[in-house]
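S.K.: sequence below, structure please.
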Amino acid sequence: MLVTVDTGGTKTLVASFSSDGLIQKKVKFQTPPDQTDYVTLLTATLSEQFGNETIDAISIALPGTVVNNVVTWCNNLTWENFDITASLAPYFKGIPIFVDNDANLAGLAETRILDPIPTSSLYVTVSTGIGTGVTTNGQIDPGLRHSEGGRILIEFEGKVREWESFASGKAIYGIFGKFARDITDENDWLQISDRISRGFLAVIPMVQPDVVIIGGSIGTYFERFGTSLEAILRDRLPSHIPCPQFLQAAHPEEAVIYGCYYYAIDCLAVK
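M.R.: Okay, here's the model as predicted:
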């Protein structure tokens with residue numbers, strides 16, 4: 001059995017997978033803002049849910065930069081230099097623990113299910129923040145695995161700002177005073193499309209992916225803004241830069257745990 005952990009800026013989703021890749025059990029909890037509290041709650045949850053079962057590996061996604069299993073920085077959680085593997089190892093002796101960025105893992109999962117697998121794909125999660133993951137030939141791109149697309153600097157409304165500061169789910173709630181699920185006005189979604197497009201106009205010419213996959217809580221409502229977003233990009237991208245195909249994530253809310261599963265399988269195959 002593989003145990004996967006999607007650590008979000010507000011909530012953490014834990015899921016177990018059978019050997020044939022099927023989800024067996026899921027449980028959610030609020031992500032504690034303190035690292036120590038997070039380890040305590042995660043350890044208790046794993047022990048309570050899977051204490052009597054054989055765990056082959058634990059695969060963890062975190063919303064920040066991960067270098068050699070150490071989270072160097074999580075923007076929305078303000079975690080810094082967090083060695084989660086070392087923190088959990090005493091409680092799960094002998095069990096491999098794999099850690100990577102949540103958008104990288106979601107992009108891995110969403111790309112692997114495409115047929116054919118594109119040469120290059122860009123996964124963008126629009127949730128509490130904005131995360132990006134680039135996959136090349138079905139693997140997390142080694143040269144771009146530490147990139148943080150949500151932190152790119154863009155001039156917007158007269159100020160140089162980070163993309164996620166004005167286009168993330170958190171920003172959208174602050175602007176419209178409601179969650180995406182409750183936004184039905186077409187003009188509001190046109191505004192959201194414009195905000196989201198600003199980051200793509202900077203990222204697409206650099207990465208030039210074959211496919212862009214949008215997930216996260218905002219990605220759940222892709223049908224409300226996808227067409228207008230593509231129209232904006234086709235109009236504004238330089239004529240020699242092709243606009244990639246845009247897809248909604250097959251599992252907008254669960255892409256990360258599926259990515260954790262694929263990542264664990266890949267890592268165990270190498271060990």
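S.K.: alpha carbons only for contacts and neighbour counts from here, please
M.R.: Fine.
S.K.: chain center to stretch 163-170, what's the gap?
M.R.: 14 Å (CA atoms, centre = their mean, to the nearest Å).
S.K.: now stretch 34-54
M.R.: Between the mean C-alpha location of stretch 34-54 and the chain-wide mean there is a distance of 22 Å, by CA atoms, centre = their mean.
S.K.: mind listing what's buried in that stretch?
M.R.: Within stretch 34-54, the residues that qualify as buried are 35, 38, 41-43, 45-46, 49, counting by 16 or more other CA atoms under 10 Å.
S.K.: same question, stretch 145-160
M.R.: Of the residues in stretch 145-160, those with enough neighbours to count as buried (16+ other CA under 10 Å) are 145-151, 153-154.
S.K.: can you check stretch 181-192 too?
M.R.: Taking 16+ other CA under 10 Å as the criterion, stretch 181-192 shows 183, 189-192 as buried.
S.K.: just the strands in the stretch 101-250 of the chain please.
M.R.: Under the criterion DSSP state E, counting those that start in this stretch, strands of the stretch 101-250 of the chain are mapped to 120-126, 130-136, 139-140, 153-156, 159-162, 211-215, 245-248.
S.K.: in JSON lines: those, plus distance to Arg224 and mean pLDDT.
M.R.: Listed next are the strands of the stretch 101-250 of the chain as JSON lines, based on distance: least, CA to CA, whole Å; pLDDT from 0 to 100:
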{"stretch": "strand 120-126", "distance to Arg224": "14", "mean pLDDT": "95"}
{"stretch": "strand 130-136", "distance to Arg224": "18", "mean pLDDT": "95"}
{"stretch": "strand 139-140", "distance to Arg224": "29", "mean pLDDT": "96"}
{"stretch": "strand 153-156", "distance to Arg224": "23", "mean pLDDT": "96"}
{"stretch": "strand 159-162", "distance to Arg224": "24", "mean pLDDT": "96"}
{"stretch": "strand 211-215", "distance to Arg224": "13", "mean pLDDT": "96"}
{"stretch": "strand 245-248", "distance to Arg224": "11", "mean pLDDT": "96"}
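S.K.: dump the ones you listed to JSON lines, plus distance to Ile232.
M.R.: Supplementary listing: these in JSON lines, determined by distance: least, CA to CA, whole Å:
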{"stretch": "strand 120-126", "distance to Ile232": "17"}
{"stretch": "strand 130-136", "distance to Ile232": "19"}
{"stretch": "strand 139-140", "distance to Ile232": "28"}
{"stretch": "strand 153-156", "distance to Ile232": "16"}
{"stretch": "strand 159-162", "distance to Ile232": "20"}
{"stretch": "strand 211-215", "distance to Ile232": "15"}
{"stretch": "strand 245-248", "distance to Ile232": "13"}
